[in-house]
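Q: how would this look folded up:
(one chain, ligands or ions: 1)
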Amino acid sequence: MRVETRRPPVPQAGASANRAGANSGAEWRGGTTPQPKKAARIYLTDAQRQIDFPTGENTLSISRAAGIWTMTASDINLARYSDPEVVKHYVGVEGLQRSEAYLFDKYIPSGAAVLDIGVGGGRTTPFLSAKASAYVGVDFSQGMVDACAAKFPALEFHRADACDLGRFEDASFDVVVFSFNGIDYIQSDEARARCMREVNRVLRLDGRFFFSSHNARSLLVWPMLRGATPVQQVWRALLAIGRSAGLAARRWPTRAFREGKGYLVDPTEHGVVTFVSTPEVIAVEAGFAGFRVDEIVNGLYPENPPAIFTPWYYYSLAKAGRPTLPPNVKPPIGWQP
Ligand SMILES: C[S@@+](CC[C@H](N)C(=O)[O-])C[C@H]1O[C@@H](n2cnc3c(N)ncnc32)[C@H](O)[C@@H]1O
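A: Numbers count the residues shown, from 1 in each chain. Below you'll find the predicted structure:
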């Protein structure tokens with residue numbers, strides 16, 4: 001089935017903040033079943049093409065030629081990551097980010113059993129599998145899994161959702177990686193908490209979880225001037241100014257920016273619905289799931305610009321003995337230390 005987003009979503013009754021507007025114009029492909037049910041709350045501005053789900057409403061209303069359909073946001077992300085063009089893109093992406101190289105070198109011992117979630121086209125596979133005693137890659141996109149299996153026939157890959165790692169025993173890994181902001185494509189706060197608990201479950205005590213998450217407070221683009229010639233520096237600075245204008249115009253009006261947490265459509269990442277956060281938000285979620293935060297590295301490492309220039313942060317968590325509640329945080333309902 002093909003669901004098109006060319007026509008503007010119609011404002012839903014009861015969603016007073018809505019405005020009708022054009023979506024990204026992309027076509028979503030995949031096995032999405034339209035569900036003509038509850039109204040999604042969409043905070044959409046025409047020019048910015050932002051969909052701002054403050055709490056992860058998990059539904060998104062999309063117009064179709066003959067009417068209005070409702071589909072879940074996670075279906076959209078799965079459809080995007082199942083698109084052969086997107087799969088091809090990730091198969092072609094190679095090399096570790098410097099932040100990853102730094103964290104993996106520092107914290108992953110030789111002989112670790114490694115689970116690589118959201119493995120995509122296998123960018124991290126050669127590095128993580130090289131010194132592992134066991135390596136398994138999983139992704140919720142069958143296209144990504146098939147591409148990895150073809151690229152690395154000697155290694156193990158499965159289709160699995162990060163929120164349900166039921167195929168793996170408790171305490172069966174030393175290291176879990178969800179690289180390149182993959183955790184941000186989980187579409188509700190509840191589902192992300194489930195993912196964190198699942199990762200905690202499959203890790204051994206003191207095992208490590210590495211992931212990155214987009215910075216909700218990112219507003220400007222940092223010019224990467226290191227190692228550039230003077231001419232390149234001028235060009236990169238101009239480019240950064242131009243891109244900053246676009247990013248600031250999109251991000252500034254959003255609730256996610258103001259509150260330091262929320263769900264936005266990312267036009268630079270195939271139009272997927274993306275969670276954005278701050279280190280404070282992640283620290284609370286990690287504590288609830290039974291992790292302690294050991295280190296946070298700027299996504300632009302070794303550069304360390306201020307938060308408004310930081311696109312994402314890389315987190316190194318360790319499985320602690322029990323869930324923890326950071327100081328000054330109100331306990332959630334049902335909290336049992
Ligand atoms: C931004 S890509 C990164 C791919 C790869 N890790 C890399 O760094 O090149 C995010 C990946 O996470 C996968 N993904 C997103 N949500 C997922 C989920 N809930 N469970 C498993 N994989 C997921 C996507 O299919 C995609 O392959």
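Q: Give me the helices and strands touching the helix or strand encompassing Arg208, please.
A: Counting by DSSP states H and E, the element that carries Arg208 is strand 203-215. Packing partners of strand 203-215 (3 or more Cβ pairs under 8 Å, 6 or more residues apart in numbering; DSSP states H and E): helix 98-107, strand 173-178, helix 189-202, strand 272-277, strand 312-319. For glycine as for every other residue, the C-beta is placed from the backbone atoms N, C-alpha and C.
Q: Can you list the buried residues in it?
A: By neighbour count on 16 or more other Cβ atoms under 10 Å, the buried set for strand 203-215 is 203, 207-215.
Q: swap in stretch 187-205?
A: Within stretch 187-205, the residues scored as buried using 16+ other Cβ under 10 Å are 187-189, 191-203.
Q: again, but for stretch 264-284
A: Buried positions in stretch 264-284, judged by neighbour count with 16+ other Cβ under 10 Å: 264-266, 269-279, 281-284.
Q: what is the rounded mean pLDDT of that stretch?
A: Regarding stretch 264-284, the rounded mean pLDDT is 85.
Q: now the end-to-end length of that stretch.
A: Start-to-end span of stretch 264-284 (Cα to Cα, to the nearest Å) is 21 Å.
Q: hang on, the earlier thing: now check the strand holding Arg208, is it near the ligand?
A: No: Strand 203-215 is not in contact with the ligand by Cβ under 6 Å from any ligand atom; minimum separation 9.1 Å.
Q: strands paired with that strand, and their directions?
A: strand 173-178 (parallel), strand 272-277 (parallel), strand 312-319 (antiparallel) (DSSP bridges).
Q: Tabulate those (TSV), appending distance to the ligand.
A: Compiled in TSV, those are given as follows (distance: least, Cβ to the nearest ligand atom, whole Å):
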stretch	distance to the ligand
strand 173-178	7
strand 272-277	8
strand 312-319	11
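Q: and these, which one is worst for confidence?
A: The minimum mean pLDDT among the strands paired with strand 203-215 belongs to strand 272-277 (a mean of 89).
Q: Run through who's touching the helix or strand that comes right after it.
A: Sequence-wise, the next helix or strand downstream of strand 272-277 (DSSP H and E) is helix 279-288. With contact meaning Cβ atoms under 8 Å, 6 or more residues apart in numbering, helix 279-288 is reached by 192-193, 196, 213, 216, 260-261, 292-293, 296, 313, 315, 317, 323-326, 329, 332.
Q: which bits of this structure sit near the ligand?
A: 77, 81, 90, 93, 117-120, 123-124, 139-141, 144, 161-163, 179-182, 185-186.
Q: Out of those residues, list just those in helices.
A: Applying DSSP state H to the residues of the chain next to the ligand, the entries found in helices are 77, 81, 90, 144.
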